[in-house]
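Asks: Predicted model and sequence follow; I will ask about them next.
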Amino acid sequence: MDRPEFKRKSWLSELKSLTQEYCYDFIDNKSGSLLKVFGFPIIAGIAIKVIAGKNMFVNYEDTRSACFIIMCAAVWCGLFNSISAVVSERANIKQRAATPNFYYISYLGSRLIVHFLICLIQSLILSLVFRIEPHRYARGGLVLNSTLLNFAITIFLLIYVADILGLAISSIVKKDSWASACAPYILIAELILSGTLFKLGPAIKPFSTIMESRFGMEALGSIARLNDLQLKIQKTVPNVPHEPEKIYDATAEHLLRMWAYLGIFVVIETIIAYFFIRSIKIREENKGIRNFLKFFEKNFARDSNCRP
């Protein structure tokens with residue numbers, strides 16, 4: 001009697017199954033995942049409100065500080081969303097890879113979809129808690145008619161790029177502790193090389209081009225129209241000039257270019273994550289081969305060398 005022919009699931013069907021499974025796992029997670037998603041954007045929004053206060057969109061210094069905090073909060077949210085997402089499932093990936101219905105593209109795609117929704121929720125919370133009051137900022141957005149929507153899109157892109165960066169790092173490292181140890185150093189690099197805290201020298205400035213924080217800060221500063229705001233000192237000394245900064249050019253072309261750069265980061269980091277997720281089984285197999293060779297050399301090669 002002929003065996004029934006095995007029919008392999010399509011990668012789209014597997015993508016749907018893995019996405020649903022990951023959503024349920026995330027919701028049922030007892031480690032505070034939901035608190036992390038909702039709690040930190042609210043705390044960050046309150047911090048922005050306290051620090052900037054009523055001077056948001058009134059003077060240059062306070063508005064720039066608020067934009068910097070938004071950028072920091074977005075990078076922090078995204079990075080810690082996913083820094084352990086893959087490395088904690090290495091054993092699961094190896095088991096699934098041995099089954100005929102497993103597709104690496106479906107696995108990564110399910111993570112991208114779920115984290116897209118998580119980042120969207122976080123960006124909306126941060127934008128709403130931030131409460132950019134309509135009568136303060138300039139009416140009419142640079143790309144979209146609503147300035148609030150321009151802010152929300154930029155915040156979302158910042159969070160999502162950092163989230164995919166976390167996925168890429170999580171796919172590279174082999175231990176959860178390594179991923180957690182990497183996160184603070186990445187955050188420090190992002191903050192320093194954003195060019196907001198310090199003026200970057202010619203030797204260091206090229207490194208800022210690989211930091212999402214730089215482009216996110218430029219986008220936020222453009223939307224906030226930092227070049228049009230008054231310096232604090234100009235209240236008492238009106239003749240002090242406020243030289244416009246090119247990086248905060250308040251034009252649609254500049255903002256779209258910053259969004260495009262952030263989109264490029266998403267593509268590059270996704271490719272890196274896919275490559276290393278796909279190589280997990282290969283690396284484990286190579287590790288097994290190396291261990292076998294060491295065992296053989298230790299137990300058999302030594303005996304053969306002792307023979308007359």
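Replies: Arrived safely, thanks for sending.

Asks: what's around residue 151, how many residues?
Replies: 23 (other CB atoms under 10 Å). Glycine gets a C-beta too; all of them are placed from N, C-alpha and C.

Asks: so what pLDDT did it get?
Replies: Listed pLDDT for residue 151 reads 89.

Asks: secondary structure element for it?
Replies: Secondary structure from DSSP states H and E places residue 151 in helix 147-172.

Asks: Mind giving me the packing neighbours of that helix?
Replies: helix 60-82, helix 104-130, helix 176-192, helix 212-223, helix 252-278 (3 or more CB pairs under 8 Å, 6 or more residues apart in numbering; DSSP states H and E).

Asks: Where does pLDDT dip in the stretch 201-308 of the chain?
Replies: Within the stretch 201-308 of the chain, the stretches with pLDDT under 70 are 281-308.

Asks: can you pull the contacts of the closest residue to residue 254 other than its chain neighbours?
Replies: Once flanking residues are discounted, residue 254 sits nearest to residue 222: 5.5 Å by CB to CB, 6 or more residues apart in numbering. By CB atoms under 8 Å, 6 or more residues apart in numbering, residue 222 lies in contact with 142, 248-251, 254-255, 258.

Asks: and which of those residues is nearest to residue 181?
Replies: residue 258 (30.6 Å; CB to CB).

Asks: Now do the buried residues in the helix holding residue 151.
Replies: Within helix 147-172, the residues that count as buried by 16 or more other CB atoms under 10 Å are 147-148, 150-172.

Asks: Of all the helices and strands packed on helix 147-172, which one is nearest residue 10?
Replies: That would be helix 104-130 among the helices and strands packed on helix 147-172, by CB to CB, at 9.1 Å.

Asks: Could you list every helix and strand in contact with the closest one?
Replies: By 3+ CB pairs under 8 Å, 6+ apart, helix 104-130 packs against helix 11-28, helix 33-52, helix 60-82, helix 90-97, helix 147-172, helix 252-278.

Asks: is it true that residue 56 touches residue 64?
Replies: No: Residue 56 lies out of contact with residue 64 (CB atoms under 8 Å); the separation is 10.4 Å.

Asks: shared neighbours, the two?
Replies: Counting by CB under 8 Å, 6+ apart, nothing touches both residue 56 and residue 64.

Asks: residue contacts, residue 223?
Replies: 141-142, 147, 150-151, 154, 250, 255.

Asks: so which of those residues would you say is closest to residue 101?
Replies: Within the contacts of residue 223, the smallest distance to residue 101 is 39.0 Å, found for residue 154 (CB to CB).

Asks: for stretch 210-225, the distance to its chain's centre please.
Replies: Mean-position distance between stretch 210-225 and its chain equals 15 Å (CA atoms, centre = their mean, to the nearest Å).
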